[in-house]
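Colleague: Quick one, fold the following:
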Amino acid sequence: MNAAAKALAQGTFVSASQSTATLSSQMLGVILLIVAVLTSAFSVVYVKALDRNLFSQLQVVQEQHDDLNVKWGQLLLEENTWAAPARVQAIAQQQLGMVVPTSKEVAVIAVAQRNDGTSTNG
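Modeller: A predicted model of the protein is given here:
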């Protein structure tokens with residue numbers, strides 16, 4: 001038998017050579033190992049529960065990300081629809097009374113260039 005089993009079988013946790021009620025060094029080592037094993041087991045349970053909670057949160061955030069990507073795609077389609085050149089031209093003509101100018105109404109203005117390549121207006 002090992003020292004812990006012998007001590008349990010004898011019903012004593014103290015060394016026979018000592019007169020005070022102190023634990024033997026072997027029993028102290030066994031108790032410390034038991035405490036270490038229990039601490040390790042509780043740590044494993046805690047970390048596993050924490051892992052499950054974090055994974056659950058990750059799935060929620062990924063679902064929100066996917067929903068936002070779908071919404072973003074819908075908004076891009078809507079923006080393209082509202083900004084279509086044909087639609088803008090139709091609204092300009094119907095609501096604002098604008099018309100495309102004829103070639104006689106278009107004036108071309110020449111901008112003088114400096115030596116450094118920039119215009120005189122800028």
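Colleague: Helices along the protein, start to end?
Modeller: Taking DSSP state H, the helices of the chain run over residues 3-10, 25-82, 85-95.
Colleague: Out of the ones you listed, flag the one nearest Val106.
Modeller: For the helices of the chain, proximity to Val106 was assessed by Cβ to Cβ; helix 85-95 is nearest, at 16.8 Å. To be clear about C-beta, it is placed using only N, CA and C from the backbone, and glycine gets the same treatment.
Colleague: How far does the closest one sit from its chain's centre?
Modeller: For helix 85-95, the separation from the chain centroid amounts to 44 Å (computed by Cα atoms, centre = their mean, to the nearest Å).
Colleague: Just the CA coordinates for it, please, in CSV.
Modeller: These are the backbone C-alpha positions of helix 85-95, laid out as CSV (Å, rounded to 0.1, in the frame of the first residue of the first chain):
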residue,chain,number,x,y,z
PRO,A,85,-29.4,58.8,-65.0
ALA,A,86,-32.7,58.2,-66.8
ARG,A,87,-34.7,58.7,-63.6
VAL,A,88,-32.8,61.9,-62.7
GLN,A,89,-33.5,63.3,-66.2
ALA,A,90,-37.2,62.4,-66.0
ILE,A,91,-37.6,64.1,-62.7
ALA,A,92,-35.6,67.2,-63.9
GLN,A,93,-37.9,67.5,-66.9
GLN,A,94,-41.2,66.7,-65.2
GLN,A,95,-40.9,68.5,-61.8
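Colleague: and the helices of the chain, which is most packed in?
Modeller: helix 3-10 (a mean of 13; mean count of other Cβ atoms under 10 Å).
Colleague: Pull the contacting residues for Ser103.
Modeller: Shown in contact with Ser103 (Cβ atoms under 8 Å, 6 or more residues apart in numbering): no residues.
Colleague: Now it. Its backbone dihedrals?
Modeller: phi -70, psi -30 (degrees, to the nearest 10).
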